[in-house]
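Student: Here is the input, now give the coordinates:
(2 chains)
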Number of protein chains: 2
Amino acid sequence: MTAFTPLTPEIIAQLVTILGEANVSTARADIDLHARDQSQHAACPAEVVIWPQESRQVADVLRLANEQRIAVTPWGVGTGLEGNSIPLHGGILMSFERMTKIVAVHADDFQVTVQPGIGHKDLNEQLARYGLFFPPDPGANASIGGMLANNASGIRTVKYGASKDNVLRMEVALADGRLIHVGSRSVKQSAGYDLLHLFVGSEGTLGVITEATLKLVPVPTFMSAVVATFPSVNAAVETVVAVRGSGLDPSALEFVDAAHCAMLSQTEGIDLEERPTIFMEFQAAQEDSLAMGLEIVKEICDEMGALSFQSTTDHAARKKLWHARHHSYEIMVRSHPDKQFFINDVAVPISAYPELIAFVEDTRRERGVPSYMIGHAGDGNVHVEFPYGSPDEYEQALAVNSLIVMRALELGGTSTGEHGVGIGKARYMLAEHGEGLNVMRAIKQTLDPNGILNPGKIFPDGAEH
Amino acid sequence: MTAFTPLTPEIIAQLVTILGEANVSTARADIDLHARDQSQHAACPAEVVIWPQESRQVADVLRLANEQRIAVTPWGVGTGLEGNSIPLHGGILMSFERMTKIVAVHADDFQVTVQPGIGHKDLNEQLARYGLFFPPDPGANASIGGMLANNASGIRTVKYGASKDNVLRMEVALADGRLIHVGSRSVKQSAGYDLLHLFVGSEGTLGVITEATLKLVPVPTFMSAVVATFPSVNAAVETVVAVRGSGLDPSALEFVDAAHCAMLSQTEGIDLEERPTIFMEFQAAQEDSLAMGLEIVKEICDEMGALSFQSTTDHAARKKLWHARHHSYEIMVRSHPDKQFFINDVAVPISAYPELIAFVEDTRRERGVPSYMIGHAGDGNVHVEFPYGSPDEYEQALAVNSLIVMRALELGGTSTGEHGVGIGKARYMLAEHGEGLNVMRAIKQTLDPNGILNPGKIFPDGAEH
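Tutor: Numbers count the residues shown, from 1 in each chain, chains lettered A, B, ... in the order given. Sure thing, here's the model as predicted:
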């Protein structure tokens, strides 16, 4: 574990010189607001919170921190689910809340260049006038920088890919204060090493994203929504596999288990059956092809023994049908005021999804651990959500989670589909990557030899060097 | 420049121990067959050619070469266009011509796992029975390993992406003999650094791909082909921009200039007008949507002043219409028996494509340098093909190429869209990446400290350390 230098008044003064007084705070309220994310991981206070307003300031702060051996933890808006932006080693919390500009809209190229602090929902609101949008949608109004740093995904990934598939170019500040550009606005590039994807998903441990050019797609003209329920979990998830194998191209394909449906239905205005349920969404440029697609989907669901099948192409009805899925996380948290949640995030190849889900069913039943299951089934991704109210319950959830992760890895999957490694998944990195983890370590050592960038994340020893 | 160790009888004997006698050759005929690719770059003989048959052998050879400081150049089938697999520093030429197995077909996952030496056309032939195919198509029957190492693309990239977008997991042998796995068969993964994309496109300079799991897509049910001609280059390329901006989703969108059309038409069975021409292909699951798409395309072409417009959905007619485009490279080479070709490969954001093409037109006219233009216009990618028969003509072509590359970089593009850096593009890496090039160097130094892997490629100093 590195010994980081505690912040001194001299260093604070240097930060003020770089950033201006208004962008540096040691006030308790600011420290506390940036001490934890939406996960179960414990709060940890930084020593100072700073708000850079331009790339050069980010780089200058990193140079200073690197010279002085001070930990720096980048922060988007704090919607992470794995403690990815908790300042575990104190030091500087670098918030991007004041770098939220759209730098340039390249409408003809279906591209936009932004500062990293902008929320993806705010971005999409501003892009609506161009008829374009940035498709990855993790639910919360996460910042673009945070989404890229964690390779966030969400419900539209089944059609449009993860954050890493929707970025072309970035500016990145390195630990030693250099600013580099990676990738290209050309959609094709075969010019040396793909540094772009090295920084995407590196959770701020290799460099800090200061600007990004994103790929956009046209807002779809026609959309449909489907909700179907099934007599068994297996029938539901086999339907998912069948839809994926049909050549249809859903823009969302979600699974919600019976317990979760029952819990959601306690909320006013939501009326779900307490059964394994699939939510689907389709998009098309022509209304006809949407209708033909729905026919095929209905056939598949019927064949798989669906007990109910609702579909609509009407905008308002579609919103209503999906309301429960869109608000499932908030409703779950609200329904358990005395509990915290531990959220698992494994993903497997789609053919192994039924086996994974059956394993979750069996394991939680055998262990008697209460949980909900909800997932981006079309991507082979599931979240098992464990409410807990005591250290014992937490340990039980953790034990079940570890079994699920190990099963996912055996099935050719991953310990984390979209939440990143952060603090909680570090323990699985060796099992997932084997010797590859040492290659990651070597790259970390090369780009951040003093280990100042987001220390305590990704690597199982809690310090990256 | 590293001093590599010349191969000794002792080292050859060790190679025989690892690989078996039948898989090691110092015969002149084998050396000569692996001394150059399809580019203009001069042949360079290796000291020995080896044919590993399994991953472990690849890793063992690398360990030996690393200990003994021997250059190792991986070889697919030699269809590279930038000297990427020429053994510039002699040593070991590691051919994958005997690692051509399909390891596993995961049909339900739309995935296949292969050894790196299999040709993509051979692979797709074998996948036809599953109704699936691997979409990147660089024209020649390139090996999958070579395509991944160079991040090859081709005519279907506009719809399906480059090689890097169509690979999920790889096994890679490192310079020191470790074998690692990178990526995951899960389509989603957010578990640490994206080593997969670090090795893809690294041209064998960071590690050697020994196995790859590829993404597949369903063979399309309906396809259409369009050939349209225009009164001016500008009208043709503005049409490309308009089609891209229309929300239509072409599976190919190619531009061929008048000179190239005239040259192609000298071949029996090809009847093209001597005009700027666009080739398009569309795919659909339903015949109706194909027809509606064609109507929109025709409207766009008419608006842009197209002089002719041919379209068909018939399989045979489609093949005939595209014959000229598919065979343009061979026809060009055959039409110039006394010339070699220098092929440029720049790409820009699509909005800048008309400006790039106008610059090419002006520059080659001003300089009086003969050339043909053909390109994956939908990706903003163009190839200017310069025939040359003397050192003087070569220098002229090189000078024009440099001007085009610099203009492409100014327009937000890249010096190489799909051929890789190899030997010839190394000179542009600093202009393209700036300080990022030093980050690439640092990673190279970390993963291959002795510089044994494909030395002389990518980096402008001709030796990577």
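
Student: hey, let's count contacts and neighbours off CA atoms from now on
Tutor: OK.

Student: so the spatially closest residue to A:A262 that is not a sequence neighbour, which of the three states?
Tutor: Excluding the flanking residues, the one nearest A:A262 by C-alpha to C-alpha, 6 or more residues apart in numbering or on different chains is A:E274, at 4.9 Å. Three-state assignment for A:E274 (DSSP: H, G, I helix; E, B strand; the rest coil): coil.

Student: Check the burial of A:E274 by counting its neighbours.
Tutor: 18 (other C-alpha atoms under 10 Å in any protein chain shown).

Student: A:A242 too?
Tutor: There are 19 residues near A:A242, going by other C-alpha under 10 Å.

Student: just checking, it touches A:I300?
Tutor: Yes. Counting by C-alpha atoms under 8 Å, A:I300 is a contact partner of A:A242 at 7.2 Å.

Student: Who are the packing partners of the top helix by length along chain A?
Tutor: With DSSP state H setting the assignment, residue counts place helix A:391-410 as the longest helix in chain A. Contact partners of helix A:391-410 among helices and strands, from 3 or more C-alpha pairs under 8 Å, 6 or more residues apart in numbering or on different chains; DSSP states H and E: strand A:340-343, strand A:346-347, helix A:353-367, strand A:381-388.

Student: switch to 10 Å and redo it
Tutor: strand A:340-343, strand A:346-347, helix A:353-367, strand A:381-388, helix A:429-433 (3 or more C-alpha pairs under 10 Å, 6 or more residues apart in numbering or on different chains; DSSP states H and E).

Student: Give me the distance between the fourth one and the centre of its chain.
Tutor: Spelled out, it's strand A:381-388. Here strand A:381-388 is found 15 Å from its chain centre; the criterion is C-alpha atoms, centre = their mean, to the nearest Å.

Student: Within its sheet, name the partner strands of it and how each one runs.
Tutor: strand A:340-343 (antiparallel), strand A:346-347 (antiparallel), strand A:372-375 (antiparallel) (DSSP bridges).

Student: next one: the last one to chain centre, how far?
Tutor: Averaged C-alpha coordinates place strand A:372-375 at 16 Å from its chain's average position (C-alpha atoms, centre = their mean).

Student: Output that strand in PDB with nothing but the alpha carbons.
Tutor: Listed next in PDB are the C-alpha coordinates belonging to strand A:372-375 (Å, rounded to 0.1, in the frame of the first residue of the first chain):
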ATOM      1  CA  TYR A 372     -34.900 -10.100  -6.600                       C
ATOM      2  CA  MET A 373     -33.800 -10.900 -10.100                       C
ATOM      3  CA  ILE A 374     -33.900  -8.400 -13.000                       C
ATOM      4  CA  GLY A 375     -31.700  -8.300 -16.000                       C
END
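
Student: pLDDT on it, on average?
Tutor: Averaged across strand A:372-375, pLDDT comes to 95.

Student: Which residues of the stretch 1-150 of chain A lie near chain B?
Tutor: A:106-111, A:149-150 (C-alpha under 10 Å from any C-alpha of the partner chain).

Student: which residues touch the residue minimising distance to the centre of chain A?
Tutor: Geometric centre of chain A, nearest residue: A:A152, 3.1 Å, by C-alpha atoms, centre = their mean. Residues near A:A152 by C-alpha atoms under 10 Å, 6 or more residues apart in numbering or on different chains: A:80, A:136-138, A:142, A:144, A:146, A:161-164, A:200-201, A:417-420, B:188-190.

Student: And the residue of the stretch 351-465 of chain A that's closest to chain B?
Tutor: Nearest residue of the stretch 351-465 of chain A to chain B, counting by C-alpha to the nearest C-alpha: A:G417, 4.4 Å away.

Student: Can you get me a residue count around the closest residue to that residue other than its chain neighbours?
Tutor: Closest residue to A:G417 apart from its sequence neighbours, by C-alpha to C-alpha, 6+ apart: B:Q189 at 4.4 Å. The tally of other residues near B:Q189 (other C-alpha under 10 Å) stands at 29.

Student: Please identify which helix or strand holds A:H260.
Tutor: helix A:258-265 (DSSP states H and E).

Student: After that helix, heading C-terminal, what element do we hit next?
Tutor: strand A:277-284.

Student: Please tell me how far A:G293 sits from A:T221.
Tutor: According to C-alpha to C-alpha, to the nearest Å, A:G293 and A:T221 sit 15 Å apart.

Student: more crowded one of those two?
Tutor: Neighbour count, other C-alpha under 10 Å: between A:G293 and A:T221, A:G293 has more, with 21 against 11.

Student: you'd agree the more buried one is in a helix?
Tutor: Yes. Assigned with three-state DSSP, A:G293 falls within a helix.

Student: Quick check, it in contact with A:V226.
Tutor: No. Using C-alpha atoms under 10 Å, A:G293 is not in contact with A:V226; the gap is 11.2 Å.

Student: Residues that sit against both of these two, list them.
Tutor: What both A:G293 and A:V226 touch, as defined by C-alpha under 10 Å, 6+ apart, is the set A:F282.

Student: what residues go with each domain of chain A?
Tutor: A:9-98, A:102-218, A:222-331, A:336-419 (automatic domain parsing).

Student: so which of those domains is the most packed in?
Tutor: domain A:102-218 (a mean of 23; mean count of other C-alpha atoms under 10 Å in any protein chain shown).

Student: What is the distance between that one and the centre of its chain?
Tutor: 13 Å.

Student: Go through the residues of the stretch 1-150 of chain A next to chain B and flag which are in strands.
Tutor: Judged by DSSP state E, these include A:106, A:111 as members of strands.

Student: Check the residues of the stretch 1-150 of chain A next to chain B and tell me the two furthest apart.
Tutor: Spanning the widest gap among the residues of the stretch 1-150 of chain A next to chain B are A:D108 and A:N150, at 28.2 Å by C-alpha to C-alpha.

Student: Quick check: which ranges of the stretch 1-150 of chain A have low pLDDT?
Tutor: In the predicted model, the stretch 1-150 of chain A carries pLDDT under 70 at residues A:1-2.
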